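A.B. asks: Pasted the sequence and its predicted model underneath.
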Amino acid sequence: MKLYAVSDLHLANRVNREALEALPEHPLDWLILAGDIGESEEQLRFALQVLTQRFKKVIWTPGNHDLWSLPSETIALRGEAKYKRLVSLCREFGVLTPEDPYARWPGENGDYIIAPMLLLYDFSFRPDYIKSEEAVDWAAESGVVCTDVELLHPDPYISIPAWCAYRSAYTERRLEALPRDARLVLVNHFPLRRDLVYLRVFRRFSIWCGTRRTEDWHTRFPVSVVVYGHLHVRGTHYRDGVRFEEVSFGYPRDWREEMGLEYYLREILPGK
C-alpha cells in the first residue's frame, strides 16, 4: 500500500486528459491531488470519475485554476461559493477535501494524518521594501501578470489576502488541535516557504505563490512531509529535517508524453 501525490494535471489540455485516461489502476493505493486539476467543474468531475476508479482513496485540495470563474460558464460561481461547489462535487465521489476530517494513512510504525489545506496567497512572497498594495504593480513592471487577477475572485472577502488570512487561521486551529505526537502530511497547492519558490524566468510571479504565515508550520506542527505543486518545478527538498515534495505534472511542455502520467506520480509514503 502506497500514498502517491500529483498536482497540476491541467486537464484543459487534450494530451493531459489522454495521459490521465491511460493511467494504470492502483487498487490498494491512495492518491493526493494537490490542486490545479483543471479550470472548470467538468474537468474536475472527469478527473474524479477516472481516479476514484483507479485508487482506493483520493484526497483533494484546490489550486488557483480550480477556483477560477470563467466567462464561458453558464453559472459562474465566484470565490468561496465556487470552492464550496467543488467540495460538494468531491463528496459525490467520496473524495476527501480540506473541509473533511483528516484521513489516517496506516504506516508500518503508526498512522500518518493527511491534512489537505486551502490557504491561497497574500502577496507576502515579495521583497520587504515592496508594500503589499504595490506588489501586483511591481510584478507587472517585469511583464508578469497572473491570470488570477481577472479570474480568481475573493467573494465574500474583500480581497484574496483577506481570504488567505481567514483560511490560514482556520487551518492553524485545526492543526493545533491535533496530538503533538501525530505524524502529519500537509497538503497545499502553494509552497509553504519562500525559499522553495524556484522560478527560472518569471521571478516576480512569486507574489502569487503563497504566504509568509506558513513559513514555520513544518516545525510548529509535527510534520513528516509537505506536499505542494503550483510551480511546475518538480523536486524533493528538505528544511529542518522535513521533506518537501513538489509534485506538479504540468502543461504538455513540462512532461514527456512517452513517459505517461504514471511516471510522474510521486511516492509520498512509505517513501523511497
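C.D. replies: Noted; the coordinates are in hand. Residues are numbered from 1 along each chain as shown.

A.B. asks: C-alpha only now, for contacts and for neighbours.
C.D. replies: Will do.

A.B. asks: Span of stretch 242-256 from start to end?
C.D. replies: Stretch 242-256 has its terminal residues 29 Å apart, counting by Cα to Cα, to the nearest Å.

A.B. asks: Mean confidence (pLDDT) on that stretch, please.
C.D. replies: Averaged over stretch 242-256, pLDDT sits at 97.

A.B. asks: List the buried residues of it.
C.D. replies: Across stretch 242-256, burial judged by 16 or more other Cα atoms under 10 Å covers Arg243, Phe244, Glu245, Glu246, Val247, Ser248, Phe249, Gly250, Tyr251, Trp255.

A.B. asks: Please work out which residues outside that stretch touch it.
C.D. replies: Here stretch 242-256 makes contact (Cα atoms under 8 Å, 6 or more residues apart in numbering) with 5-10, 13, 15-16, 34, 218, 223-238, 261, 264-266, 268.

A.B. asks: still on that earlier bit, for the buried residues of stretch 242-256, work out which two are farthest apart.
C.D. replies: Using Cα to Cα, the buried residues of stretch 242-256 reach their maximum pairwise distance at Arg243 and Tyr251, which is 24.9 Å.

A.B. asks: continuing past the least confident helix or strand in the chain by mean pLDDT, what's the next helix or strand?
C.D. replies: Using mean pLDDT, DSSP states H and E, strand 103-107 stands out as the lowest-scoring helix or strand of the chain, at a mean of 92. Following strand 103-107 in sequence order, the next helix or strand is strand 110-116 (DSSP states H and E).

A.B. asks: just the angle between that following strand and strand 103-107, please?
C.D. replies: When axes from the mean of the first three to the mean of the last three Cα atoms, to 10 degrees is applied, the directions of strand 110-116 and strand 103-107 differ by 150 degrees.

A.B. asks: from the middle of its chain, how far away would strand 110-116 be?
C.D. replies: Offset of strand 110-116 from its chain centre (Cα atoms, centre = their mean, to the nearest Å): 16 Å.

A.B. asks: Direction included, what does it pair against?
C.D. replies: Paired strands of strand 110-116, with direction, are strand 103-107 (antiparallel), strand 184-187 (parallel) (DSSP bridges).

A.B. asks: which residues touch Phe190?
C.D. replies: Gly63, Leu119, Leu120, Tyr121, Cys209, Gly210, Tyr228, Gly229, His230, Leu231.

A.B. asks: do Tyr102 as well
C.D. replies: Tyr102 makes contact with Ile113, Ile114, Ala115, Pro116 under the criterion Cα under 8 Å, 6+ apart.

A.B. asks: Go again with 7 Å.
C.D. replies: Counting by Cα atoms under 7 Å, 6 or more residues apart in numbering, Tyr102 touches Ile113, Ile114, Ala115.

A.B. asks: Neighbour-wise, which one of the residues you listed leads?
C.D. replies: Ala115 (27 neighbours; other Cα atoms under 10 Å).

A.B. asks: what number of residues lie near the residue lying closest to it once chain neighbours are set aside?
C.D. replies: The shortest distance from Ala115 to any non-neighbouring residue, by Cα to Cα, 6 or more residues apart in numbering, is to Leu186 (5.0 Å). For Leu186, the count of nearby residues is 23 (other Cα under 10 Å).

A.B. asks: Understood, closing this out.
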